[in-house]
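# Provided below for reference: sequence and predicted model.
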Amino acid sequence: MSNYVHLGLQGSPMTYQETLDWMFSQLPMYQQKGASAYNGKLDNIRAFADHLDNPERKFRSIHVAGTNGKGSSSHLLASVLQEAGYKVGLYTSPHLKDFRERIRINGQMITEEQVVNFIKENRQFLDAYRLSFFEMTVGMAFDHFARESVDVAVIEVGLGGRLDSTNIIIPEVSLITNIGLDHTEMLGDSISKITREKAGIIKPGVPVVVSEWQEEAAPVYEEIAEAKGSTRGRHGGGHRRRAAIRGAAAPRGERGLLRDGRPDPADPAAHDPALAGSAGHGRGARVLEGGL
């Protein structure tokens, strides 16, 4: 493939590297601006999703947040689902060598041509709304997964959760890993404050798995689950607890199944008979705390 894949807005050749250079120039400079560079809104990414015809609504997803382990958990989930025969999208950050590592389907990175095409086709919108690097990258990933008709996409949160650009999805299940003191100038200076930001991915009707019990974080999870309409209970002993609703809505196909009849990789009902057939009996967030 030629280095000069497409033309820019003014008709000049735009290479893959030139496209990346332009994208990275939109990266918030936290080192220079600190917390003021943190765009605490989802308005831009929602507008971009509307512009793209809401690709995030066209595939099932699993949302992964946390401080430690969210990247490895995302890769593990994607690997297991792919091994089970599903077409799996994976969005992670940051990348190690190539930007395209962030957006994969069944392990295959998005192509250079697709990256250049996406920016070229949407450049006027990106300029008009002054989208950040993260916002345009999330839009690119969601658009790619929708166009390629993935069965499910594993989406890793970039920063925090509540106001992260990925938080426009309504996933089938969410995972929150260990919480630590990270990005304190933007997320807060305590475990409880940071947990509140990470737990912002909890949504009504969506099961949530918390992979590690932390005494300071637990009350925050319980408060947010309660606010989302969950009913809480306990199971096991010690520090492991479960809060559950009677069923989570299944927006596609029968509960526990994809439309083609295969088990739904993101629906607990596909693997837990106790949950099967319970759709329509509640709309709260189900929190499963303890080991994965």
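Looks like it came in fine.
# in which helix or strand would I find Gly89?
Assigning secondary structure by DSSP states H and E places Gly89 in strand 88-91.
# give me the low-pLDDT residue ranges for the stretch 101-250 of the chain?
182-186, 188-189, 229-250 (pLDDT under 70).
# Could I get the full set of strands for it?
All strands of the stretch 101-250 of the chain, identified by DSSP state E, counting those that start in this stretch, fall at 103-105, 108-109, 152-156, 173-176, 207-210, 232-234, 241-243.
# closest to Ala84 out of those?
Proximity to Ala84, assessed across these by CB to CB, is greatest for strand 152-156 (10.2 Å). Glycine gets a C-beta too; all of them are placed from N, C-alpha and C.
# Return the set of buried residues in that closest one.
152-156 (16 or more other CB atoms under 10 Å).
# From those residues, pick the one nearest Leu20.
For these, the nearest to Leu20 is Glu156 (20.1 Å; CB to CB).
# Beta-bridge partners for that closest one, please?
Beta-bridge pairing of Glu156 under DSSP bridges involves Val64.
# quick revisit: could I get the buried residue list for the strand holding Gly89?
In strand 88-91, counting by 16+ other CB under 10 Å, buried: 88-91.
# Tell me the strands beside that strand, with direction?
Strand pairing for strand 88-91, using DSSP bridges, gives strand 103-105 (antiparallel), strand 152-156 (parallel).
# Output that strand as CSV, restricted to C-alpha atoms.
The C-alpha trace of strand 88-91 is given here as CSV (Å, rounded to 0.1, in the frame of the first residue of the first chain):
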residue,chain,number,x,y,z
VAL,A,88,-14.6,-9.8,19.2
GLY,A,89,-13.6,-6.1,19.1
LEU,A,90,-11.1,-4.8,21.6
TYR,A,91,-10.4,-1.2,22.4
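# Other residues contacting that strand?
59, 74-75, 78, 81-82, 102-107, 138, 141, 144-145, 148, 150-156, 166 (CB atoms under 8 Å, 6 or more residues apart in numbering).
# can you rerun that using 6 Å?
Strand 88-91 has contacts (CB atoms under 6 Å, 6 or more residues apart in numbering) with 78, 81-82, 103-106, 141, 145, 150, 152-155.
# Buried residues in the longest helix belonging to the chain, which are they?
If you go by DSSP state H, the chain has its longest helix at helix 112-129. Buried residues in helix 112-129, counting neighbours by 16+ other CB under 10 Å, are found at 112, 114-116, 118-120, 122-123, 126, 129.
# So which elements touch that helix?
strand 4-7, helix 16-24 (3 or more CB pairs under 6 Å, 6 or more residues apart in numbering; DSSP states H and E).
# Next, the angle from the last one to helix 112-129.
For helix 16-24 and helix 112-129, the angle between their directions (axes from the mean of the first three to the mean of the last three CA atoms, to 10 degrees) works out to 30 degrees.
# what's helix 16-24 packed up against?
Using 3+ CB pairs under 6 Å, 6+ apart as the contact test, the elements touching helix 16-24 are helix 112-129.
# Mind doing that once more with 8 Å?
Contacts defined by 3 or more CB pairs under 8 Å, 6 or more residues apart in numbering; DSSP states H and E place helix 16-24 against helix 112-129, helix 133-147.
# Now His51: closest residue in space that isn't a chain neighbour?
The spatially closest residue to His51, leaving aside those adjacent along the chain, is Phe125, at 5.3 Å (CB to CB, 6 or more residues apart in numbering).
# so what's that neighbour up against?
Residues near Phe125 by CB under 8 Å, 6+ apart: 48, 51, 131.
# which one among the contacts of strand 88-91 gets closest to Met14?
Within those, proximity to Met14 (CB to CB) peaks at Ile103, which comes in at 18.8 Å.
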